[in-house]
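Student: Based on what follows, work out the 3D shape:
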Amino acid sequence: MIAPALLATGPSGGPVWRVVESQEHAATRSITNSAEEQSRLEALLEANKPAYLPGTERLHWLLKTPFRYPPLRHGSRFGSPYQPGILYASRELSTAMTESAVYLWLFRRGPVELGPLRQIEDSRTALRFNLAHPRSSDLTLPALKRYRKRLSDPGSYDFSQSVGDALRDSGAGMIWFWSARAREGINCAVLDPAAINRRSRPRQEQWQVVLDADACWWGRPGKASFEITYRSVADASGRIPHPAL
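Tutor: Here you go, the predicted structure:
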């Protein structure tokens, strides 16, 4: 049974960040020979994707896409494999970057021989947009401190998914929670697309990323850079825990 304190909701909102793969170039352009072929390929791909979730029709495409797909086999932090998709974002840009770096390191763990993955040099798009919902859950409140480790367990979704299911059933539209990766970072799980203003367009920033075994560096020309160390997100064994691994 979920403690009633974990199911309390109220009005909340604010700006958040989400980091996605760079949107400057179409990933499939390298396998097409003309604009006509590219348009045809994109139409074929679109026709075979799941339908958009009702209520997302007027959202910017980068913000409605997460609601389009169901969670992966193991689900997500607050979404079981049987629930609709959830948009995840972070209150701080540094937290969003940390979360993104973790998944690059996890991806890098897959190959037996790293080859070109020994150092990854790529670009990412950081999106900044506003959220607001009358029924928001804030799991970062001091009164809920005793639940923090279970809700943000880097190696398990069991407890957080049960809380997420209960909050969704109660009508909650979004959930603020402590990041499992950035020590003082706060993330948000958006359950209801109505939490995103349909008229707003996210502000986009392009960032360069350089990642190796020890650190992930983020930079922009003429702007301050940011770095995450591998050891800051790894456990005592030197590995990054994840519920799907």
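
Student: Ramachandran coordinates for the spatially most central residue of the chain?
Tutor: Nearest to the mean C-alpha position of the chain, counting by CA atoms, centre = their mean, stands Tyr88 at 4.0 Å. Tyr88 adopts backbone torsions of phi -110, psi 140, taken as degrees, to the nearest 10.

Student: Surely it is in contact with Phe67?
Tutor: No. Applying CB atoms under 8 Å as the test, Tyr88 and Phe67 come out as separate, 11.3 Å apart. Every C-beta, even on glycine, is put in place using the N, C-alpha and C of the backbone.

Student: what ranges do the strands span in this structure?
Tutor: 10-21, 87-90, 120-138, 174-178, 186-190, 203-211, 215-219, 226-229 (DSSP state E).

Student: Quick one: closest of these to Lys145.
Tutor: For Lys145, the closest of the strands of the chain is strand 174-178, at 9.6 Å, according to CB to CB.

Student: Output the contacting helices and strands for that closest one.
Tutor: With contacts taken as 3 or more CB pairs under 8 Å, 6 or more residues apart in numbering; DSSP states H and E, strand 174-178 sits against strand 120-138, helix 148-151, helix 158-170, strand 186-190.

Student: Between strand 120-138 and the lengthiest helix in the chain, find me the angle.
Tutor: Across the chain, the longest stretch assigned as helix under DSSP state H is helix 93-108. Helix 93-108 and strand 120-138 are oriented at 120 degrees to each other (axes from the mean of the first three to the mean of the last three CA atoms, to 10 degrees).

Student: tell me which strands and helices helix 93-108 is in contact with?
Tutor: strand 10-21, strand 87-90, strand 120-138, strand 186-190, strand 203-211, strand 215-219, strand 226-229.

Student: tell me the mean pLDDT for it?
Tutor: Helix 93-108 shows a mean pLDDT of 95.

Student: gap between that helix and the chain center?
Tutor: Centre-to-centre, helix 93-108 and its host chain are 10 Å apart (CA atoms, centre = their mean, to the nearest Å).

Student: so where's the chain shaky on pLDDT?
Tutor: 23-33, 35, 37-48, 111-117 (pLDDT under 70).

Student: Quick check: Thr9 vs Leu167, distance?
Tutor: From Thr9 across to Leu167, the span is 7 Å (CB to CB, to the nearest Å).

Student: Repeat that for Leu62.
Tutor: 25 Å.

Student: The two - which one has more neighbours?
Tutor: Neighbours were counted for Leu62 and for Leu167 using other CB atoms under 10 Å; Leu167 has more, 25 against 17.

Student: For the more buried one, which non-adjacent residue is spatially closest?
Tutor: Distance criterion CB to CB, 6 or more residues apart in numbering; nearest residue to Leu167, sequence neighbours excluded, is Ser137 at 5.3 Å.

Student: what does Pro134 give?
Tutor: Here the residue nearest Pro134, using CB to CB, 6+ apart, is Pro11, at 4.8 Å.

Student: and that neighbour, what is it in contact with?
Tutor: Neighbouring residues of Pro11 by CB atoms under 8 Å, 6 or more residues apart in numbering: 132-136.

Student: are any of these buried, and which?
Tutor: Neighbour counting over the contacts of Pro11 (16 or more other CB atoms under 10 Å) leaves 133, 135-136 as the buried ones.

Student: Pipe those residues into TSV and attach distance to Tyr230 per row.
Tutor: What follows is the buried ones among the contacts of Pro11, written out as TSV (distance: CB to CB, whole Å):
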residue	distance to Tyr230
His133	35
Arg135	38
Ser136	33
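
Student: and which of these is nearest Ile240?
Tutor: The closest of those, once distances to Ile240 are taken by CB to CB, is Ser136, at 29.3 Å.
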